[in-house]
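1. After the sequence you'll find the predicted model.
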Amino acid sequence: MRKDDRIGVRVPADLKRVLIQIAKKEGRSLAQLCEILLRGGATGYQDEGPKYLQRLLSRRKKDEFSV
């Protein structure tokens with residue numbers, strides 16, 4: 001698949017560190033890992049619609065309160 005467009009995203013430094021660790025563990029570049037995760041999220045949203053995002057957001061709120 002030809003890659004002909006870019007996305008620029010600012011993320012917290014701790015998230016970037018986690019993504020880099022995962023990419024290294026999987027033997028992939030950070031860009032490859034991000035594309036895989038974005039495709040997975042897009043597919044999840046296409047399959048489930050807004051419920052997909054609500055589930056992720058509710059999980060994130062639970063994680064914030066457990067810190």
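-> Looks like it arrived, so ask away. Numbering: from 1, shown residues only.
2. which residue ranges form the helices in this structure?
-> 13-26, 30-48, 50-65 (DSSP state H).
3. How much space separates Arg55 from Gly44?
-> 9 Å (C-beta to C-beta, to the nearest Å). Where you see a C-beta, it was placed from the backbone N, CA and C, and this is true even at glycine.
4. which one of the two has more residues nearby?
-> More neighbours surround Gly44 than the other of Arg55 and Gly44, with 15 against 12 (other C-beta atoms under 10 Å).
5. what about that one, distance to Arg17?
-> To Arg17, Gly44 is 24 Å away according to C-beta to C-beta.
6. returning to what we had before: which of the helices of the chain comes out lowest on mean pLDDT?
-> If the helices of the chain are sorted by mean pLDDT, helix 50-65 sits at the bottom with a mean of 80.
7. How about Val11, nearest residue that isn't a chain neighbour?
-> What sits nearest to Val11 in space, not counting adjacent residues and going by C-beta to C-beta, 6 or more residues apart in numbering, is Leu19, at 7.8 Å.
8. Hmm, that neighbour is touching Leu33, no?
-> Yes - under the criterion of C-beta atoms under 8 Å, Leu19 makes contact with Leu33 at 6.1 Å.
9. got the buried residues for stretch 17-25?
-> Neighbour counts over stretch 17-25 (16 or more other C-beta atoms under 10 Å) mark Ala23 as buried.
10. right, so of the helices of the chain, which gets closest to Ile7?
-> Among the helices of the chain, the nearest to Ile7 by C-beta to C-beta is helix 30-48 (8.2 Å).
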